[in-house]
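Undergrad: Let's see this in three dimensions:
(2 chains)
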Amino acid sequence: MAIPAALVTVRLNSLQGITGAFLAGTKRVYATTKIGARPLGRTAAIAAVNPTFALNRELEVAVSAGQNIDLEVDIWDDREDLAPNRLAHITATIAPPWKVKNYTAGGGPTLDYEVKIRRRVPTGAPPPVAAPRVGSSAPPAKAAIRLAPVYCVEITEILGLYDPGFAGPHRANYHAGYISLDDKGRIYLNRELNGDWAHDKQLIQITARVTARVGKLPANSKIHWKVIDPDDPFDDQTDVHRQWARYIDANDYTGAGDQLGAQGNDNEGALDRNPRWEEVPGHSLTVISPTEATTKVAAQISKVKLHCPNLAGDNLIVRAEFEPARPEEVFAAETGIMSMWNRIDVEYIRMNSAFALPVADVPESLEPGFIQLDFTTDPPVADKQFMAPSDPQLSASSEAYVTANFPHRADKGWFCVIAAMEPHPLPVGGPGAVLADKDVDLAYGTVNAQKAEFIDIDGDHPDADFIELSWPGGSVGFSVATSRVSGLIFKSTRLWLDAHDMQSEFKAGDGSIDNAYSKRVYFYPRGRRNGGPWTAGGYGMPNRVHAKVFAPGAFYTDGISPTRTVGGKDYFAGQTIIFTHHGAYKDPITNGPVPSFNTEIAQTIAHELTHAFGMPHKCGYWDYRTPREHTCCMNYGPNWMLDPATGNLAPGSSGKVSKRLCGRHIKELRRTHLEDNLGLGW
Amino acid sequence: MSDLAAEPASPSLASLEVETAPEYVVGFPVHVAVTIRADQPDASLRLLPYADFFKCAGAFGLTLIRAGSGQAVVSVQPRPVVDRSLGIAVFSLPPNQSRRMLIDLSAFLPADLAPGDYQATLAYGPPNMRAVSPAFALRLRAPAREECAELAALLPGVRTIGGWGQWILQPPSDRRDPPKVRKTDPLRFNRVLRWWLFGERLEPSLVQALDGIYAPEADALTAELYQVAGDQTKFEQQAQAVRTRHHGLSWWMDDLAAGRGIIAFHRGQR
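TA: Numbering: from 1, shown residues only, chains lettered A, B, ... in the order given. Have a look, this model is predicted:
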């Protein structure tokens, strides 16, 4: 950024006029604030009628000549599952000359703000002025008044920082001079400065230039670098549901869930190097602390390498000040917010006759997890009508296909998505025959000495495969786990239900399937188990329900993510095959993709690539947004979601899967260290 | 607990039966044959995880203890989840049926495993239907000089592609000349099957190398070879023989009857 015309410190002091009438009928009120281009997050809750609500938001803005500073304050009613209701919208503009004074904006409530400090940057040394001599009739001589030197610092280059708004081969690209003043700059995890993969290495190299607007640079000039850990701004977006805002940015809330407002110092990652500061030749380095260091200025320039925290979503601002700072006047420079991202290249491989995958629609799904997916566009490969001879062979055959057709398989930082045709020759037949269709009593029994449920139906049905249970509250399907026929003449078949699993307590881990599914909850018609005693509830079915029992149907899979085995353990491996000619995707009349193809596939790919980070499916959560309309893409459509209040299942929550993630998946994706996944071997 | 004990109990799996070879060679496949059956003969078990000589991790877990030391060198449990989309297919075990699975334990073994005698225990299935085997002995010897040379040539690539099971599915560089396979070859099962999947001609005589622990699978593969050769009569006779002699491989014959043979499929893809 060029040297600004002035540095203006703007302070949003308070909101005035929060009346009872204004708050009437609201649920939970807060404000969002913005100074210039930077959103400053949510405030604490405006909990009580109080004429004055302190905002205390302050920002130094670097302005160019003639530039306005726009202010924006919105007051919201957080209605949780319903869209937030904007109660007030207050805007103001601070125009040049950015006069230092107090201001008021808005018509109730009103915003009290001020320009606290305005420091104009001199354009150069003032011209000589006439210096009259007392008692002399001689014409005044011109004399220069000795002024304090003025030094201006600019941050001119950040290697290792990528601009998502700059066109190039990736979704974010290096852009000379870009210092993330839009707060969107990306620093990649596990990357060298040039973008090459490097295990647990993440850094930037910052260049600052010092210009003496008045005076000369002293010989011992240094840049004093400071690192600031700003708040994570994602959860302050008004479309982030409060349930997930708390999970994603816990230090913005009290343990009891009270909203504190945007709080910095919330990075969780570790540094890959101690000290994090690394010298660039020619600019000797003195480390003061993990957040401060100085480097020597040579020919107006100073540089330093800064190692960054190793978790996605962590962020930082770097400030460059000039040293010695006193008694000279110094204009420091500051980057915008720079955030840590995982950048993954995804090789998109398509068989000639497979339907094209909507890969352009996928990346936005994982971006709240600070994951950048850069899909390649490889030329199509030869058709293979069937991947495997049968369903049991599909995994091994798919793995072999990936080995043979994923050119970057051995390269670090690469996933692949393959558009294939069919998994295997189609099973014969359609839906399974109906074996029973009647009212039955649910009964309790045990599986492995743990409580479970079963039903009995008349007849000899060892092949019973699937049960649809209906009651006034809904209809839910269960697979049959085991069955046993009894009776000699009048036979009866006992069908044990395969409980619905849910992984709602998952945590980021080593990428293994064991870790992803280490904590499971099993839901039955009338209860649940999560490793402990049986808890009544589950789907909340009555004892007597209607059961429709089916023989096996012609089920076959529409996609597979082959795992990799290391030491006998299976790991997610970032390899996904979509069978685009599956009956669910191929229109039998047109032989083209069904109308919902792109929507469904984008969701499926997002689901599978989230697995690739070691995440389980069936979390049982809604997506991160409010209003609450859709569920996390890691769920299966038929499953009901978790009711956090009861731990049981919420009616009416099935069939709402979107391509967005829940807040837990977002946060745990950010916490994932892909470089430690033994299956990936990166 | 006492209340639960009075409740009806779901059928489950009986203890696993394991057949081993007398000796294995460190670095090469470690095939064992596992037979599963229900603990109640008339029960039907569904959603069981599929495993075979291509892949068994996930479906199975292994505990391996160095004989005499008490020290576990491998301790891996089966996956807690069985899910098609995550790479494990499922199958059903009908009433009065057993199923034999030839699996390769080399995927579980550390690269630096020392030759010697070990005590092993296998576990199979998801937590709600887990079965374990009695402890059984595994003897691993050091590779001989020729075997060392072969391991040095093959093992790095095998590790890259995901193990010896996947090696079977990678076409050999020479598809014209069938391999010379002896009964002492520790890679003979994989080598023969790989040839049958990708070799220019079938060379059924290779089956003679598959004795010992491989004999039941050799019978099943012979049925496949007859089917691939188009000899329906001999195929049906051999399939019947397999059903009679190796009850636990009846499922394989069912697959062949349904046109799901692996040799035919892969040869058709060449």
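Undergrad: Ramachandran angles for residue 101?
TA: Assuming you mean chain A. phi -180, psi 170 (degrees, to the nearest 10).
Undergrad: my read: it touches A:I117, true?
TA: No - between A:K101 and A:I117 there is no contact under CB atoms under 8 Å: 11.6 Å. Backbone N, C-alpha and C define where each C-beta goes, glycine included.
Undergrad: Which residue of the two possesses the greater neighbour count?
TA: Set A:K101 next to A:I117 and count neighbours by other CB atoms under 10 Å in any protein chain shown: A:I117 wins out with 15 against 10.
Undergrad: pLDDT score assigned to the more buried one?
TA: Per-residue confidence at A:I117 stands at 94 (pLDDT).
Undergrad: swap in A:G647?
TA: 89.
Undergrad: what sits against it?
TA: Applying CB atoms under 8 Å, 6 or more residues apart in numbering or on different chains to A:G647 gives the contacts A:R528, A:T535, A:G537.
Undergrad: and the second one, how many residues sit next to it?
TA: Residues contacting A:T535 under the criterion other CB under 10 Å number 15.
Undergrad: ok, now A:D70?
TA: Counted with other CB under 10 Å, A:D70 comes out at 14.
Undergrad: now A:H224
TA: Counted with other CB under 10 Å, A:H224 comes out at 22.
Undergrad: Assign a three-state SS to the closest residue to B:A67 other than its chain neighbours, would you?
TA: The spatially closest residue to B:A67, leaving aside those adjacent along the chain, is B:D117, at 3.9 Å (CB to CB, 6 or more residues apart in numbering or on different chains). Look at B:D117: counting by DSSP: H, G, I helix; E, B strand; the rest coil, its state is strand.
Undergrad: I figured B:R191 hits B:K180, correct?
TA: No - using CB under 8 Å, B:R191 is not in contact with B:K180; the gap is 9.4 Å.
Undergrad: Between the two, tell me which one has more neighbours.
TA: Between B:R191 and B:K180, counted using other CB under 10 Å, B:R191 has the larger neighbour count: 20 against 9.
Undergrad: model confidence over the host helix or strand of the more buried one, on average?
TA: B:R191 belongs to helix B:188-198 when assigned by DSSP states H and E. Helix B:188-198 carries an average pLDDT of 97.
Undergrad: how about the helix or strand just after it: buried residues?
TA: Downstream of helix B:188-198, the next assigned helix or strand under DSSP H and E is helix B:215-229. Using 16 or more other CB atoms under 10 Å in any protein chain shown as the test for burial, helix B:215-229 gives B:216-228.
Undergrad: Give me every residue in the stretch 251-400 of chain A that's in contact range of chain B.
TA: A:384, A:386, A:388-400 (CB under 8 Å from any CB of the partner chain).
Undergrad: make it 6 Å
TA: Counting by CB under 6 Å from any CB of the partner chain, the stretch 251-400 of chain A comes close to chain B at A:P389, A:S390, A:D391, A:P392, A:S395, A:A396, A:E399, A:A400.
Undergrad: Just the residues you listed: which are in helices?
TA: Residues of those located in helices (DSSP state H): A:S395, A:A396, A:E399, A:A400.
Undergrad: Where do the helices of the stretch 401-550 of chain A begin and end?
TA: For the stretch 401-550 of chain A, applying DSSP state H, counting those that start in this stretch gives helices covering A:513-516.
Undergrad: what's the answer for the stretch 551-682 of chain A, then?
TA: Under DSSP H, counting those that start in this stretch, the stretch 551-682 of chain A gives helices at A:597-611, A:663-670.
Undergrad: wait, which of these is closest to chain B?
TA: helix A:597-611 (7.4 Å; CB to the nearest CB).
Undergrad: what does the closest one contact?
TA: A:357-358, A:361-362, A:365, A:417, A:559, A:561, A:572, A:576, A:585, A:633-634, A:659 (CB atoms under 6 Å, 6 or more residues apart in numbering or on different chains).
Undergrad: Tell me the one among the buried residues of helix B:215-229 nearest to A:R57.
TA: B:E217 (72.8 Å; CB to CB).
Undergrad: so where's the stretch 351-500 of chain A uncertain?
TA: Scanning the stretch 351-500 of chain A for pLDDT under 70 picks out A:429.
Undergrad: list the contacts for A:T631?
TA: Per CB under 6 Å, 6+ apart, neighbours of A:T631: A:W622, A:M641, A:K656, A:V657.
Undergrad: How about it, nearest residue that isn't a chain neighbour?
TA: Closest to A:T631 by CB to CB, 6+ apart is A:K656, at 4.7 Å.
Undergrad: how far away is the one you found from chain B?
TA: A:K656 is 20 Å from chain B, where distance means CB to the nearest CB, to the nearest Å.
Undergrad: Now that that residue has come up, it's in contact with A:H630, right?
TA: Yes - under the criterion of CB atoms under 6 Å, A:K656 makes contact with A:H630 at 5.0 Å.
Undergrad: how near is B:I213 to B:Y24?
TA: Going from B:I213 to B:Y24 by CB to CB, to the nearest Å gives 10 Å.
Undergrad: Test my guess that A:V402 contacts A:Q575.
TA: Yes - if you go by CB under 6 Å, A:V402 and A:Q575 touch, sitting 4.9 Å apart.
Undergrad: So those two - more neighbours on which side?
TA: A:Q575 (27 against 23).
Undergrad: and the more buried one, what does it touch?
TA: So A:Q575 contacts A:V402, A:C416, A:P562 (CB under 6 Å, 6+ apart).
Undergrad: Let me know the pLDDT of it.
TA: pLDDT, A:Q575: 94.
Undergrad: Report the separation between A:P327 and chain B.
TA: Counting by CB to the nearest CB - A:P327 and chain B are separated by 65 Å.
Undergrad: Same check on A:G679?
TA: From A:G679 to chain B the distance is 10 Å (CB to the nearest CB).
Undergrad: so what pLDDT did that residue get?
TA: 90.
Undergrad: If the nearest residue to A:P363 once chain neighbours are set aside is in a bridge, with which residues?
TA: Nearest in space to A:P363, with sequence neighbours left out and distances taken as CB to CB, 6+ apart, is A:L373 at 4.3 Å. For A:L373, the beta-bridge partners under DSSP bridges are A:I344.
Undergrad: you'd agree A:L373 is up against A:V346?
TA: Yes - using CB under 6 Å, A:L373 is in contact with A:V346, at 5.2 Å.
Undergrad: I'd like to know which elements the helix ranked longest in chain B is packed against.
TA: Looking across chain B with DSSP H, the single longest helix is helix B:145-161. Helix B:145-161 is packed against no helix or strand, with contacts defined by 3 or more CB pairs under 6 Å, 6 or more residues apart in numbering or on different chains; DSSP states H and E.
Undergrad: Need the contact partners of the helix or strand following that helix.
TA: Using DSSP H and E, the helix or strand that follows helix B:145-161 towards the C-terminus is helix B:164-168. Residues from elsewhere that reach helix B:164-168 (CB under 6 Å, 6+ apart): A:E399, A:A400, B:P29, B:F53, B:F54, B:K55, B:D104, B:S106, B:V158, B:N190, B:L193, B:R194.
Undergrad: Then stretch B:56-63?
TA: Contacts of stretch B:56-63 (CB under 6 Å, 6+ apart): A:565, A:568, A:570, B:49, B:51, B:72, B:74-79, B:88, B:103, B:105, B:107-108, B:121-124.
Undergrad: if we go to 8 Å?
TA: With CB under 8 Å, 6+ apart, stretch B:56-63 has contacts from A:513, A:563, A:565, A:568-570, B:34, B:49-51, B:72, B:74-79, B:82, B:87-88, B:101, B:103-105, B:107-108, B:120-125, B:165.
Undergrad: Any idea how far apart the tips of that stretch sit?
TA: End-to-end distance of stretch B:56-63 (CA to CA, to the nearest Å): 14 Å.
Undergrad: do the same with stretch A:549-566
TA: 40 Å.
Undergrad: how about that stretch, does it reach chain B?
TA: Yes - using CB under 8 Å from any CB, stretch A:549-566 comes into contact with chain B via A:P552, A:T557, A:G559, A:I560, A:S561, A:P562, A:T563, A:R564, A:T565.
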